Each structure stands twice: as C-alpha cells, then as structure tokens.
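Chemist: sequence and predicted model, in that order:
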Amino acid sequence: MSPENPSSITELPENRELAEEIAHDPTAHPTIASTDQVNTLSEYIDARWRRVRAGDSGVLPVVLGLVIVGIIFQLQQSVFLTAGNLVNLLEQSGPFIMLGMAEVFVLLLGEIDLSIGYSGAVGATIMTILAAPPINDGWVIAIGAGVLATGAIGFLQAQIITRLRLPSFVVTLAGLLFWEGFLIWLINQWNPSAGGSVPINNPTIFNIVNGTLSPTVGWVAMAACVGLYGVVTVLADRRRRHSGLVAPPVIVTVAKIAMAAVAGIVLVAICNTNRGIAGSQYNGVPWVVPIVLAFVVGWSFLLGRTKLGRYIYAIGGNTEAARRAGINVNRVRVIAFTLTGVTAGAGMVVYASRLGSMSSDVDGGSLVLYAVAAAVIGGTSLLGGRGKMSHALLGGLMIAAIYNGMGLLNIQASVQFMVTALVLLAAVTVDALARRGSAA
C-alpha cells in the first residue's frame, strides 16, 4: 500500500506512536473515540453502558460470577466466607493466578503455550534440588536458577516457533511431553531412592505460601500500596487530560481510589483475624498475596505503559498491520514466550511452596488447562489482542473459589471438572459475543 492511500494508520511511519496507542486502547484518541468523550459522571456512566451494550463488558461477568459463587457456597456451607477459609482460598489461587498471567502474554499474541505446567515444574524442581542438601544454596540462588531455567525453555521454544514457522500449539504440545519426561528423569537422577519427590528444606521458600506478615506490617504495606495507587491514578488521569485524551471525571478517579482502600482494608482485616486452632495464635497476610500482587502490577505496567506491551497488543490485533508499521514481530514473540516461561517458573515456585515439595507426579497437563481457563474466564481473548493481567487474577480466584467451595461440600472431582468446563465455556461465549458486538 502506498503512503498516498493510507487506509491503515499503522502504515504511516509518522503516525506510529499514535498507532501503538490505538492498538493498546482504541478509545485513547479523541478523534477515534468521540462517542466516549466524557466530562461529567452521567456522561461517563452513559459511555460505559453503551460499551457494555455493544458487548464490551470488561471484567463485569467474572466479578458477578465471583459474587454469585460466593453466595451459593455460603448458603450451602457457612464456613465458606470465614476468615480461615478465605485466606486458604487466597493461598490456593496463587498458582492459578501466576500460571494464568504466564498464558496472558502469549494469548495476547493469538498464540498458546501448553508446556508451562511441566516446564515450570522443571524450574521448581531445580530450585528444590539447589536448596536441599548437599548443595544447600540460598533461596535467592535457588529461585533465580529455577526461574531462569523456565525462561530459557520459553526462549528455546519461541526460537523453534519463529525460525521454523511452526504453530505454537504443536511446538508447546511437544514441549509438554518432553518436559514431563525430563522432570521424571531429573528427579530420578538427583536421588533414585527419593520416591519421585524432592522436599523443600529451605524455610524461606516454604514460607512463600505458608508464612505470614505481622499484622502491623500488613496494615503499613496496605496503606503504602493504596497511597501509591492513588498517586499513580491521579497523575495518569491528569496526563491524559493535558494530552487531550479521554480520561474519567475526577469523581470517578476518587471512587476508584476509595474502592481500592476499602478492598485493602477488608483484605488485611480478614488476614489478620486469628486462624489458629485450639487457642493457638496464627494470623497475618500470607507472603504469597503481596508476591502475586507485585507480579500483577509489574506485568500490567509492562503491557500498559511500555513500547513492548503496545507491540504485543498490536501484533495480537493485526499481525500484518504491525509488521508494516515496522514492528519486529518475531522478536516480540520470542520475548513474550520468554516472559511466559519466567512467570510460569515463578508460579510453580508458589505451587511447590504450598505443597512443601516437588514431585514427578505433578499434573502439569491439568495445570496448563487451568492457566488458560484462568486467563479466559477473567476476560482475555483466545483470539489475541485483548486482555490484561488483572483478568488472570480474577479468573484464578474464580477457579480457586469453585474448587474450594466444592471441596467443602465434598463434591466429587468429576463434578468439579465439569463445572469448571461450563464456566470456561461461558467465558468463551461472552468473548465471542463481545467481538460480534464490537464488529457490529
């Protein structure tokens, strides 16, 4: 296409930054999204409602789903919403959320990685071996080596996908089988008499899920996080207004900060409730909560505020347009698969900490399916170009809530699988209807 006939804005070098902004957020430019210009609260609500009616419901379905699931299980089993069970649910959701975030990177590209369950398990096993006798490396070296190993696996598989131009589904399916076998070999080589299991002996690694912050530290950390969120939100909205871009009214910004503060207070109050048995004292925010939130914030910043993130969205939205805009598509794909491996390794570190060991019996096949389900249930599209890290957070909480509640009701595992499948099917249906509405 010639520059004299610019039917695609991404083909004009001088408009590349604008194209990147629109690729990430189609409502970001006033001439593109004139119907979403808002000055008052009523206009903001009206604009949001028009987007919902058009099929862009955002996280509303999964939030409503979490509320409904909570009500149903609480009516069936009164301990579901107790402090002890809610904290246990947060700990259960940690691996689902982390693995879901790993999948978001590649799902945004319209790709998939089926190997993260076993490749992440390989990284977690390397961690446990390095931290165990006779090596006894510190937790920093052990965790770092494990996460780097899974990042290297993601990099290797991405090279095969991009250089040989093979489908990611096939390459990562082969990776699933290969790394499952490698995991069994690795554990048997380390200690043939270990019975296929490597225990975690390092207390710091064990306490990632099982340890807690002190109540005072929990309150201070919550106040600092809410304050930082408030400052970042206010500055971001001010920057958008000064740049002539769409920004919500001030009252909406204040309401967002207030809701974040309320959510933080409720979370810390629940976690600081004594959950000890037989008069023992056990309270505080589990370490896994701030760790997972740190990953959500960090990766959300990468996707939303960096050039790499905008490139990922652009490629997922229209690969050919992104290529014509000068984006090195293969390089971005390699980076995304590498980040998927790193995040999967961190997720399996959380998984190993919760179990207290790593085993060759780990069901990596089911874990990767839960990872995809967490991302899609939260709102990430399987077709690429649309999704956020917060979607994995909400989807992981949904999956954990379903399994936690059904476990309390002593429902068979077969029913749990079927219910999760129906929730996933509903999420995919919502995504398909949203795309049809947007197209219309």
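Modeler: Now that the structure is in, tell me what you want to look at. All figures in this text were calculated on a predicted structure; none of them were measured in a lab.
Chemist: okay, and L422 sits in which element?
Modeler: Taking DSSP states H and E as the criterion, L422 maps to helix 413-439.
Chemist: and that helix, what does it pack onto?
Modeler: Packing contacts for helix 413-439, counted by 3 or more Cβ pairs under 8 Å, 6 or more residues apart in numbering; DSSP states H and E, involve helix 60-76, helix 364-378, helix 389-408. Every residue, glycine included, has its C-beta placed from N, CA and C.
Chemist: contact partners for the residue lying closest to S357 once chain neighbours are set aside?
Modeler: Nearest non-adjacent residue to S357, counting by Cβ to Cβ, 6 or more residues apart in numbering: P199, 4.5 Å away. Counting by Cβ atoms under 8 Å, 6 or more residues apart in numbering, P199 touches 128, 132, 356-357.
Chemist: hmm, back to that, so can I have TSV of the helices and strands packed on helix 413-439 showing distance to G117, mean pLDDT and mean neighbour count?
Modeler: Shown next, in TSV, are those (distance: least, Cβ to Cβ, whole Å; pLDDT from 0 to 100; neighbours: other Cβ atoms under 10 Å):
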stretch	distance to G117	mean pLDDT	mean neighbour count
helix 60-76	23	89	15
helix 364-378	3	91	25
helix 389-408	14	92	23
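Chemist: now render those helices as JSON lines, adding distance to P192.
Modeler: JSON lines is the format used below for the helices and strands packed on helix 413-439 (distance: least, Cβ to Cβ, whole Å):
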{"stretch": "helix 60-76", "distance to P192": "44"}
{"stretch": "helix 364-378", "distance to P192": "22"}
{"stretch": "helix 389-408", "distance to P192": "34"}
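Chemist: so which of the ones you listed is nearest W299?
Modeler: Minimum separation from W299 across the helices and strands packed on helix 413-439 (Cβ to Cβ) falls at helix 389-408, 4.7 Å.
Chemist: and the angle for that closest one with helix 413-439?
Modeler: Helix 389-408 and helix 413-439 meet at an angle of 150 degrees, taking axes from the mean of the first three to the mean of the last three Cα atoms, to 10 degrees as the criterion.
Chemist: what is helix 389-408 packed up against?
Modeler: Helix 389-408 sits against helix 60-76, helix 83-107, helix 288-305, helix 364-378, helix 413-439, with contacts defined as 3+ Cβ pairs under 8 Å, 6+ apart.
Chemist: got the angle for it vs helix 83-107?
Modeler: Here the directions of helix 389-408 and helix 83-107 differ by 140 degrees (the same axes, to 10 degrees).
Chemist: quickly note the distance from the residue positioned nearest the centre of the chain to G138.
Modeler: In the chain, the centroid-proximal residue (Cα atoms, centre = their mean) is M101; its distance is 2.6 Å. In this view, M101 and G138 are 26 Å apart by Cβ to Cβ, to the nearest Å.
Chemist: the helix or strand where A258 lies packs against which elements?
Modeler: Secondary structure assignment for A258, by DSSP H and E: helix 250-271. For helix 250-271, the helices and strands in contact under the criterion 3+ Cβ pairs under 8 Å, 6+ apart are helix 41-53, helix 83-107, helix 215-242.
Chemist: so for N188, which of those helices sits nearest?
Modeler: Between those, helix 83-107 lies closest to N188; by Cβ to Cβ that is 24.2 Å.
Chemist: tell me which of the helices and strands packed on helix 413-439 lies nearest to L177.
Modeler: Closest of the helices and strands packed on helix 413-439 to L177 is helix 364-378, at 9.6 Å (criterion: Cβ to Cβ).
Chemist: fine, thanks again, bye for now.
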